[in-house]
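*Asks:* Compute the structure for the input listed below.
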Amino acid sequence: MRIVIVLLLLLSTFSVLAAQARGTLRVESATSEPRVALVIGNAAYEDVPLTNPVNDAEDIARTLTQLGFDVTHKENLDQNSMKRAIREFGEKIRGGGVALFYFAGHGVQVNGSNYLIPVGTQKTSGSANRGLCNWRGSFMWR
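*Replies:* The predicted model follows:
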């Protein structure tokens, strides 16, 4: 099921980007509800750096802006910066509307829970998951 959801998200993202590239992307909003997005691209990991997350995040942020979203775009966030960005995003969406969170970077699953990994996080093993960002947007602090 997770693979199907991820594939659908990727397909829709690439469809929007392809339409944008062809110049056929039209944005029509049926409502005036606020649209906000937090886009994070983490690539500068010390042990295992990545090449694409920052580019992917830039593309998504640009596309969402064209679609009428109020986008907060962040790159290579450490633990504290990621916590602050997610907290501020939570405050923005408190009043309702459409909210989208996009993260490109490393992630891990520990004991059935999924975590986003901030830049600068030390390697951990077993249940030592200090400083990882739970995918629901809450942080594990121990």
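*Asks:* List the buried residues of stretch 37-49.
*Replies:* If you call a residue buried by 16 or more other Cβ atoms under 10 Å, then stretch 37-49 has these buried ones: 37-45. C-beta here means a position set from N, CA and C on the backbone, and glycine is covered the same way.
*Asks:* What about these, which are in strands?
*Replies:* Judged by DSSP state E, these include 37-41 as members of strands.
*Asks:* out of these, who's nearest residue 82?
*Replies:* Residue 82 has its nearest neighbour among those in residue 40, at 7.0 Å by Cβ to Cβ.
*Asks:* Thought residue 82 was touching that closest one, still the case?
*Replies:* Yes. The criterion here is Cβ atoms under 8 Å, and residue 40 meets it with residue 82 at 7.0 Å.
*Asks:* can you redo the ones in strands among the buried residues of stretch 37-49 as a markdown table with distance to residue 120?
*Replies:* Listed next are these as a markdown table, based on distance: Cβ to Cβ, whole Å:
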| residue | distance to residue 120 |
| --- | --- |
| 37 | 24 |
| 38 | 19 |
| 39 | 19 |
| 40 | 14 |
| 41 | 15 |
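*Asks:* Tell me the one of these nearest residue 92?
*Replies:* residue 38 (8.3 Å).
*Asks:* Just list whatever residues bridge to the closest one.
*Replies:* Beta bridges link residue 38 to residue 72, residue 101 when assigned by DSSP bridges.
*Asks:* quick revisit: looking at the buried residues of stretch 37-49, which two lie furthest apart in space?
*Replies:* 37 and 45 (23.4 Å).
*Asks:* which stretches of this protein have low pLDDT?
*Replies:* 1-31, 123-142 (pLDDT under 70).
*Asks:* What are the boundaries of the helices in it?
*Replies:* Remark: helices assigned in the chain by DSSP state H are 2-22, 53-66, 79-93.
*Asks:* Output the last one as CSV, nothing but the C-alphas.
*Replies:* Spelled out, it's helix 79-93. C-alpha atoms of helix 79-93 as CSV (Å, rounded to 0.1, in the frame of the first residue of the first chain):
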residue,chain,number,x,y,z
GLN,A,79,17.8,19.3,14.2
ASN,A,80,16.9,22.7,15.8
SER,A,81,16.1,24.4,12.4
MET,A,82,13.9,21.5,11.4
LYS,A,83,12.0,21.6,14.6
ARG,A,84,11.5,25.4,14.2
ALA,A,85,10.4,25.1,10.6
ILE,A,86,7.8,22.4,11.4
ARG,A,87,6.6,24.3,14.4
GLU,A,88,6.1,27.5,12.4
PHE,A,89,4.4,25.5,9.6
GLY,A,90,2.0,24.1,12.3
GLU,A,91,1.2,27.6,13.4
LYS,A,92,0.5,28.7,9.8
ILE,A,93,-2.0,25.8,9.2
